[in-house]
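Engineer: Provided below for reference: sequence and predicted model.
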Amino acid sequence: MTRASSSRLAVGLRALAVLDAAWCLHLNRALRIRPLRLVLRAASRLGDGVFWYVLMAALVATQGRAALPAVLHMALVGALGVAVYKWLKRHTSRPRPYQVQQAIRRGAPPLDAHSFPSGHTMHAASFSIVAASYYPELAWLVTPFSVLVAASRPVLGLHYPSDVLAGAGLGAAIAGASLLLI
């Protein structure tokens, strides 16, 4: 890479970072809307794992042994997702938006110290893809929930939009790769 192209890349990355921060601030202003704030806090809290654990338990309760392949697949995808996002968070150490910009309010407590990538979004994407691949009739439930989880992260000031996009992409890649292997 030439010095000029390296310089253009650095300028482009800075411009993306500025845009990312501006969108995060814009989305975070939605915290002022109480009903929306309550819904997104609930989605975020359920996205901590509660929603997915209840879904897996409900599948076993209603489908019995027939649900075990889907539930085990979801559990394996979840475990791989935890390993991936913990490694990335440890190696990128990106601070959360509310830690960097005073204008951004934290709308919920974070589960860990770092922003990149959004683990909530990664898991929402991977779990919903796996669940819907086994039970397409669940897509009406898992897809909107996953969108709410993803939307909650920048609105609550916990992630930049790029963290959410990266989490969604990683979650989809993990789920997609796992489905190709079975």
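Structural biologist: Structure received. Numbering: from 1, shown residues only.
Engineer: Look up phi and psi at Ala139.
Structural biologist: Backbone torsions of Ala139, given as degrees, to the nearest 10, read phi -60, psi -40.
Engineer: Let me know the distance separating the residue nearest the centre of the chain from Gly78.
Structural biologist: Against the mean C-alpha coordinate of the chain, by CA atoms, centre = their mean, the closest residue is Thr121 at 1.2 Å. Noted for Thr121: a distance of 13 Å to Gly78, by CB to CB, to the nearest Å. Glycine gets a C-beta too; all of them are placed from N, C-alpha and C.
Engineer: Val130 too?
Structural biologist: Using CB to CB, Val130 is found at 9 Å from Gly78.
Engineer: re earlier: so what's the residue nearest to the centre of the chain closest to, chain neighbours aside?
Structural biologist: Closest residue to Thr121 apart from its sequence neighbours, by CB to CB, 6 or more residues apart in numbering: Gly167 at 3.4 Å.
Engineer: pLDDT averaged over the helix or strand encompassing the one you found - what is it?
Structural biologist: Using DSSP states H and E, Gly167 maps to helix 161-181. For helix 161-181, mean pLDDT rounds to 96.
Engineer: In three-state terms, how would the residue nearest to the centre of the chain be classified?
Structural biologist: Using DSSP: H, G, I helix; E, B strand; the rest coil, the structure places Thr121 in helix.
Engineer: what's near enough to touch it?
Structural biologist: Contacts for Thr121 were tallied using CB atoms under 8 Å, 6 or more residues apart in numbering; they are 146, 149-150, 153, 159, 163-164, 167-168, 171.
Engineer: residue ranges for the helices of the protein, please.
Structural biologist: Secondary structure of the chain (DSSP state H): helices located at 3-28, 34-45, 51-63, 68-92, 97-100, 119-134, 139-155, 161-181.
Engineer: now for these, which one comes closest to Pro110?
Structural biologist: helix 97-100 (8.7 Å; CB to CB).
Engineer: starting at the chain centroid, how far to the closest one?
Structural biologist: Mean-position distance between helix 97-100 and its chain equals 18 Å (CA atoms, centre = their mean, to the nearest Å).
Engineer: other SSEs contacting that helix?
Structural biologist: helix 3-28 (3 or more CB pairs under 8 Å, 6 or more residues apart in numbering; DSSP states H and E).
Engineer: give me the low-pLDDT residue ranges for the protein?
Structural biologist: Along the chain, the parts satisfying pLDDT under 70 run over 1, 4-6, 9-13.
Engineer: swap the cut-off to 90 and go again
Structural biologist: 1-20, 85, 93-94, 100, 109-113, 181-182 (pLDDT under 90).
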